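Asks: show me the folded form of this:
(2 chains, ligands or ions: 2)
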Amino acid sequence: MGKFWSLLFLLVPILGVLCFALAPLSGYWLPPDISEHGYKIDHLFKFCLYLTGVVFIATEVVLFWFMWRYDGRTNRDPVKFSHGSHNLEIIWTIVPAATLLFIAIYQMNAWADAKMRTPNVPAIVEVTGRQFEWRIRYPGPDGELGTEDDIHGVNDLHLPVNEQIVLNLKSMDVLHDFFVPQLRIKQDAVPGNKIPMWFTARETGTYEIVCAELCGWGHYKMKGRLTVESREAFDAWLKQRAAEQKATQ
Amino acid sequence: MSTTTVGSHAAAHTREPNGALTFLRTYVFSIDHKVIGVQFLFSTLLWFVVGGLLALAVRWQLAWPWSEMPLVGRMLFSAEGGQISPEFYTMLVTMHASVMIFFVIIPILAGAFGNFLIPLMIGADDMAFPTLNMLSYWFMWPAFVCMIGSFFVEGGAAAAGWTGYPPLSSVRSAAPGSHLGQTLWLFGLIWVGVSSMMGSVNYMTTIIQMRAPGMTMFRLPMTIWAMFITAVLQAFALPVLTAALFMQLTDRLLGTGFFVPEGLIVNGESAGAGGGQPLLWQHLFWFYSHPAVYIMILPAMGMVSDMISCFARKPLFGYKPMVYSIAGIAGLGFIVWGHHMFMSGMNPALGMTFMVSTMMIALPSAIKTFNWLGTIWGARIQYTTPMLFALSFVSMFIIGGLSGIFMAATPVDIFIHDTYFIVGHIHYVLFGGTAFGVFGAIYFWFPKMFGRTMNEFWGKVHFLLSFIFFNGTFFTMHILGTTGFPRRYADPYHFEIFAPTQTLNQFMTICALGMGASQLIFVANFFYSLFYGPRCGRNPWHANSLEWQAPSPPGHGNFDFQPVVHRGPYEYSSPHAAEDYFPQTDPPVEGEGQAQHGH
Ligand SMILES: [Cu+2]
Ligand SMILES: [Cu+2]
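Replies: Ligands and ions are numbered 1, 2, ... in the order given. Below is the predicted model of the structure:
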């Protein structure tokens, strides 16, 4: 039976690799990236995937091989009466330590770009999470938020394409999380805090805004729509919204 | 009461006040560590069933949302026409995790196995504080009542996730579960904490003070080292959680506003004066709950090390590096909690620091894995049920450990944070890791607990099915996570981007149902063997550690002789022994000493 169990354990790396190889082909994979910075995240994801993949295959195959080779029923060699190896311990401490440290350092620049180096442009829009919708607010013609000509909306976010966007994220009640998978952005909305997010969208189209932090029973239906469009279309849409708003006042 | 004195004599006194013991004192309010251990085992296995059923309900909803649940649907949710409501779904995810973490994994490791094994493996006749030990079990009962009761109060059980993030959890108007249910949840966890703390103090004292003659610290089995370091972790981390729980409780009951910002209005209702910070809770909660991840796996690692060495018939490879890496995990475990908060709005520079410490904590885990592989190198492996579970622990822990690197890498975490990738990761660590380790430990120590062995054939069938269905359920979650599929969604399929994943989810649910059904084999085997299993001698596995020298099951006072220890617990296939094992109590033979130190 030792052989049978060894083969069962060999299925783990085989099917594991197969799973990750077939997933992108069948469409279960990272959604297409439409942001300027997303390639860095995707690259680091794949970097982690290949690196852990190699370690995964190596360790699981060694496990299989030892299980197969040292099956007590068939292995007639005497047991190696060993309490360990000083040299091996040193090697498998230093090599992983250096690798892990390298992985950590390799991430730092992308992280700093995504969350630390705030671009020096004013926020184009303020998004506020509320059970269970996204409240959108644009500054009106005066260019300032919190004035009478602010343009309000719900769940309908429009942004110009190919421009550096800074978006201020707030929450009115509980925690929410502003997640647009295709933009590779995610940030918790925290009541009492105003947190800036920044990105550049490079492709026009409509995308879904996902709430990624549990916010109550309606968490699953907290869906917003993001429309990325040309500067002209965006300006026109904003003007039209302003006019609509004035008409209802 | 002599609970303030430490030592085996004190324990012997408290145990038998008037000679004969009444039924109530023997089996119910027992102060015998073995009975308490078995009480913990039965209670936590029962909660395992509860937690598992909650999980299956979650899986049902994710596969066929808003459809009538077969068989039990009408009975449970008559008001909703047999469907799960979105409110109830958030309670399901909250209570599944809370039950599994606080009522199954933590107490089954420390309460059941810690209690049963510590005195036996160190050669003591009981715990240092037997009465405190009894209380640590009975203090779980108010917690049981709070948790069960919370389903029946107005608004239902807690529904703010097992992490209980305010303001959702602390403001009554935020969710139905944040009425009385959340208060009961907090009380439940406080009681569990009291119980854990009593256990922790007891384990540390017992291991330090009550070891048999000759049992030096570096002759302790890995199980005991792991239990010891886990107890230290509990003792230092738990007070912070307790403080946080009380703060949330006073936020809810007295309006203290520690975690609620000023002027917060939720659903049209004021949340009180406020002046607090929601992130404060997250820091306090994770300061405990990250170390708790290790509290939930280190003892399993210890037990797995013992099983692997025994069935490899070979000494544990790198005993001291194994001990140091457990200590390293425990130490680093206190400075990595921020990796749960990369997206929380915490200072991103702090996130960078936490990323480095989190990466480094993978190192001791890697060292442990290599040493387990080293142990089976050149061995003569006996494929028993406990060995299969122990080896599967290694195989699954490799996956759980490696997938952790993705979340630790902060930029990658931007995409996979709060998706099913993390759900897959945690289940590889806690189910493929800890739960498989625990199954192995049950098959392994069952003969010592009850004097009978479990059926090997059905044990292997249980293993085979659990292994296959487990991977079918959880490996796919990583794939799901790469699509961005979020956690805690009652119905993700109205999102265009997630709609195509429903087939994958149905496959996972079918595997989960299969995994649930396979556990019936275990239950049947367990109870059948309890009464009709073949009787076993003291040492059915030919193992070295002390518990196997005591009768099966051991009587009061454990050993019918004074154990004296002459060597470490891993001298399998020693050239100095006649057999392929060498019990720790066997008298020393000539020339043995030098060989042992010459690694
Ligand atoms: Cu939400
Ligand atoms: Cu953690």
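Asks: for the stretch 51-200 of chain B, which segments count as strands?
Replies: For the stretch 51-200 of chain B, no strands are identified by DSSP state E, counting those that start in this stretch.
Asks: the helices in it, which residues?
Replies: B:73-76, B:86-98, B:106, B:115-122, B:130-138, B:140-150, B:180-209 (DSSP state H, counting those that start in this stretch).
Asks: buried sites along stretch B:147-163?
Replies: Under the neighbour-count criterion of 16 or more other C-beta atoms under 10 Å in any protein chain shown, stretch B:147-163 has B:147, B:150, B:155-163 buried. (Glycine included, C-beta is placed from N, CA and C.)
Asks: residues from the stretch 51-200 of chain B in reach of chain A?
Replies: The stretch 51-200 of chain B has residues B:85-87, B:89-90, B:159-161, B:165, B:167-168, B:171, B:174-176 near chain A, with proximity defined as C-beta under 8 Å from any C-beta of the partner chain.
Asks: nearest to residue B:384, of these?
Replies: Of all those, residue B:161 has the smallest distance to residue B:384: 39.3 Å, by C-beta to C-beta.
Asks: tell me the angle the biggest helix by length in chain B makes with helix B:115-122.
Replies: Identified as the longest helix of chain B according to DSSP state H is helix B:222-254. Put simply, helix B:222-254 runs at 150 degrees to helix B:115-122, going by axes from the mean of the first three to the mean of the last three C-alpha atoms, to 10 degrees.
Asks: give me every residue that touches residue B:334.
Replies: Contact analysis of residue B:334 by C-beta atoms under 8 Å, 6 or more residues apart in numbering or on different chains lists B:236-237, B:287, B:291.
Asks: state the mean pLDDT of stretch B:586-595.
Replies: Average pLDDT, stretch B:586-595: 79.
Asks: touching that stretch from outside, list them.
Replies: B:566-567, B:574-577.
Asks: what is the most widely separated pair among those residues?
Replies: B:566 and B:575 (15.9 Å).
Asks: using the three-state scheme, assign residue A:134.
Replies: strand (DSSP: H, G, I helix; E, B strand; the rest coil).
Asks: tell me how chain A divides into domains.
Replies: A:2-71+A:88-115, A:125-247 (automatic domain parsing).
Asks: can you put those domains in JSON lines and add mean neighbour count, mean pLDDT and distance to residue B:537?
Replies: Listed next are the domains of chain A as JSON lines, based on neighbours: other C-beta atoms under 10 Å in any protein chain shown; pLDDT from 0 to 100; distance: least, C-beta to C-beta, whole Å:
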{"stretch": "domain A:2-71+A:88-115", "mean neighbour count": "17", "mean pLDDT": "97", "distance to residue B:537": "25"}
{"stretch": "domain A:125-247", "mean neighbour count": "19", "mean pLDDT": "95", "distance to residue B:537": "53"}
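Asks: among those domains, which comes closest to chain B?
Replies: For chain B, the closest of those is domain A:125-247, at 2.8 Å, according to C-beta to the nearest C-beta.
Asks: report whether the closest one contacts chain B.
Replies: Yes: contact of domain A:125-247 with chain B (C-beta under 8 Å from any C-beta) involves A:131, A:172-175, A:177, A:179, A:181-182, A:184-188, A:190-193, A:195, A:208, A:210-221, A:223.
Asks: so of the residues you listed, which ones are in strands?
Replies: Counting by DSSP state E, the residues of domain A:125-247 next to chain B place A:177, A:179, A:185-188, A:195, A:208, A:210-211, A:223 in strands.
Asks: paired strands for the helix or strand harbouring residue A:225, with orientation please.
Replies: Counting by DSSP states H and E, the element that carries residue A:225 is strand A:223-229. Sheet pairing of strand A:223-229 (DSSP bridges) gives strand A:156-160 (parallel), strand A:205-211 (antiparallel).
Asks: out of those strands, nearest to residue B:497?
Replies: Nearest of the strands paired with strand A:223-229 (C-beta to C-beta): strand A:205-211, 5.7 Å.
Asks: just the CA coordinates for the closest one, please, in PDB.
Replies: Extracted in PDB, the C-alpha atoms of strand A:205-211 (Å, rounded to 0.1, in the frame of the first residue of the first chain):
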ATOM      1  CA  GLY A 205     -15.500  51.000 -20.800                       C
ATOM      2  CA  THR A 206     -17.700  50.200 -17.900                       C
ATOM      3  CA  TYR A 207     -16.500  48.200 -14.900                       C
ATOM      4  CA  GLU A 208     -18.000  47.000 -11.600                       C
ATOM      5  CA  ILE A 209     -17.100  48.400  -8.200                       C
ATOM      6  CA  VAL A 210     -17.000  45.700  -5.700                       C
ATOM      7  CA  CYS A 211     -17.300  46.200  -1.900                       C
END
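Asks: report the central residue of chain A.
Replies: Centroid-nearest residue in chain A: residue A:184, 5.4 Å away (criterion: C-alpha atoms, centre = their mean).
Asks: with adjacent residues omitted, what lies nearest to that residue?
Replies: Nearest non-adjacent residue to residue A:184, counting by C-beta to C-beta, 6 or more residues apart in numbering or on different chains: residue A:38, 3.7 Å away.
Asks: you'd agree that neighbour is up against residue A:183?
Replies: Yes: in this structure, residue A:38 is within contact of residue A:183 by C-beta atoms under 8 Å, at 7.0 Å.
Asks: coming back round to it: out of residue B:566 and residue B:575, which sits in the more crowded spot?
Replies: Taking neighbours as other C-beta atoms under 10 Å in any protein chain shown, residue B:566 and residue B:575 compare with residue B:566 leading, 19 against 13.
Asks: let me know the pLDDT of the more buried one.
Replies: Taking residue B:566 on its own, its pLDDT is 96.
Asks: before we move on, the earlier item: which of the contacts of residue B:334 count as buried?
Replies: B:236-237, B:287, B:291.
Asks: still on that earlier bit, return the member of the contacts of stretch B:586-595 nearest to residue B:188.
Replies: When the contacts of stretch B:586-595 are compared against residue B:188 (criterion: C-beta to C-beta), the nearest one is residue B:567, at 44.8 Å.
Asks: before we move on, the earlier item: out of the strands paired with strand A:223-229, which gets nearest to residue A:94?
Replies: Per C-beta to C-beta, nearest to residue A:94 of these: strand A:205-211, 41.8 Å.
Asks: what distance separates the closest one from the centre of its chain?
Replies: In terms of C-alpha atoms, centre = their mean, to the nearest Å, the centre of strand A:205-211 is set 14 Å apart from its chain centre.
Asks: again, but for stretch A:176-188
Replies: On C-alpha atoms, centre = their mean, the centre of stretch A:176-188 falls 7 Å from the chain's centre.
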